[in-house]
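Colleague: Everything below, folded, please.
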Amino acid sequence: MVMSLGFELPGEPRGKGRPRFSSKGGFVKTYTDAKTRDYESRIREAARKAMYAAELEPTSHPVSVRIVVSSCPPVSWSKKRRLAALLGKELPKKPDLDNVAKAVLDALNGVVYQDDVQVWRLVVNKLYAGAASLKVEILERGD
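Modeller: Prediction:
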């Protein structure tokens, strides 16, 4: 059976933060900031719930991942500009798509697939919507 899975995480999407560094005793330690760790944890939990509901185990096969980043237009914009944004006439600038994709792919390691090296196709879009959210769809490649 070919795995097909989707889930949505409400709230403003964010990208993976830059690595942080600290020095102790002459050794440098690299770590991920707390906001990124928390966001990846929320993605991981949403994926776990979807996997459990579909009675699926992490796959070892290649997968295709589609990510849709939905953001709300700024409240400081005029009603006319907000409406134009919702109609797709204006596109969001932030967050950076590559950083969002990295956060999602890292969060799904060991939950949906064994390692993100299995991702053979990645499609990421961002748009304005009435409610901010992150939508993720994973499709296992059937041979």
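Colleague: how about the strands in the protein?
Modeller: Along the chain, counting by DSSP state E, strands occupy 4-10, 20-24, 27-31, 63-71, 119-128, 133-140.
Colleague: What strands line up against the last one, and which way round?
Modeller: In other words, strand 133-140. Paired strands of strand 133-140, with direction, are strand 4-10 (antiparallel), strand 63-71 (antiparallel) (DSSP bridges).
Colleague: remind me which residues of this protein are low pLDDT?
Modeller: Within the chain, the stretches with pLDDT under 70 are 1, 19-21, 31, 142-143.
Colleague: Grab the most central residue of it for me.
Modeller: Ranked by distance to the mean C-alpha position of the chain (CA atoms, centre = their mean), the top residue is residue 104 at 3.5 Å.
Colleague: any idea how far that residue lies from residue 23?
Modeller: Distance from residue 104 to residue 23, counting by CB to CB, to the nearest Å: 31 Å. Any C-beta I mention is one placed from the backbone N, CA and C, and that applies to glycine too.
Colleague: Over to residue 133?
Modeller: Using CB to CB, residue 133 is found at 39 Å from residue 23.
Colleague: Counting neighbours around each, name which of the two comes out higher.
Modeller: More crowded of residue 133 and residue 23, by other CB atoms under 10 Å: residue 133, with 17 against 8.
Colleague: Quick check: the gap between the residue nearest to residue 122 when sequence neighbours are not counted and residue 58.
Modeller: Leaving aside its sequence neighbours, residue 122 sits nearest to residue 65 (CB to CB, 6 or more residues apart in numbering; 5.3 Å). For residue 65, the distance to residue 58 equals 14 Å [CB to CB].
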